[in-house]
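Enquirer: What follows is a predicted protein model with its sequence.
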Amino acid sequence: MSFAPGQRVRVSAREHRGHHRTPAYIKCKVGTVERVHGEFTNPERRAYGDDGLPKQQLYLVAFEQGRDSILVDVYEHWLEAAE
């Protein structure tokens, strides 16, 4: 699954033990894809000596915070399409 700039996405709320790059405060939140950074090896797997393959798309996702927003890099395997 791939996402495009402007698309609304939800961050998975699944539990993940060990190293992961998705902050807890955005889990289950809906944001908007701002930018597609490209494909990178998965740092969650590389942290344990794995090669991190297959590569994962990395997205810059904006989450509204009142009159402001926070921008977070999120790997594709943490995202799902929001309705």
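Expert: Perfect, I can see it now. Residues are numbered from 1 along each chain as shown.

Enquirer: for this protein, which residue is closest to the average position?
Expert: Val74 (2.1 Å; Cα atoms, centre = their mean).

Enquirer: okay but that one is in contact with Gln57, surely?
Expert: No. With contact defined as Cβ atoms under 8 Å, Val74 does not reach Gln57; the gap is 9.6 Å. Where you see a C-beta, it was placed from the backbone N, CA and C, and this is true even at glycine.

Enquirer: neighbouring contacts of stretch 8-27?
Expert: By Cβ atoms under 8 Å, 6 or more residues apart in numbering, the residues outside stretch 8-27 that reach it are 3, 28-33, 43-44, 47-48, 59, 61, 63, 70, 72-75, 78-82.

Enquirer: now it: how far from the chain's centre is it?
Expert: 8 Å (Cα atoms, centre = their mean, to the nearest Å).

Enquirer: Export only the CA atoms of that stretch, formatted as PDB.
Expert: The C-alpha coordinates for stretch 8-27 follow below in PDB (Å, rounded to 0.1, in the frame of the first residue of the first chain):
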ATOM      1  CA  ARG A   8      -5.400  11.100   5.500                       C
ATOM      2  CA  VAL A   9      -3.800   8.200   7.400                       C
ATOM      3  CA  ARG A  10      -4.200   6.600  10.800                       C
ATOM      4  CA  VAL A  11      -1.300   5.400  12.800                       C
ATOM      5  CA  SER A  12      -1.700   1.800  14.100                       C
ATOM      6  CA  ALA A  13      -2.300   1.400  17.800                       C
ATOM      7  CA  ARG A  14      -0.800  -2.100  17.900                       C
ATOM      8  CA  GLU A  15       1.500  -3.000  20.700                       C
ATOM      9  CA  HIS A  16       5.200  -3.300  19.700                       C
ATOM     10  CA  ARG A  17       7.800  -4.500  22.200                       C
ATOM     11  CA  GLY A  18      11.400  -3.500  21.700                       C
ATOM     12  CA  HIS A  19      12.800  -0.800  19.500                       C
ATOM     13  CA  HIS A  20      10.400   1.100  17.200                       C
ATOM     14  CA  ARG A  21      10.400   4.600  15.600                       C
ATOM     15  CA  THR A  22       6.700   5.500  16.100                       C
ATOM     16  CA  PRO A  23       6.100   7.700  19.100                       C
ATOM     17  CA  ALA A  24       3.300   6.500  21.400                       C
ATOM     18  CA  TYR A  25       1.600   9.900  21.400                       C
ATOM     19  CA  ILE A  26       0.600   9.500  17.700                       C
ATOM     20  CA  LYS A  27      -0.600   5.900  17.800                       C
END
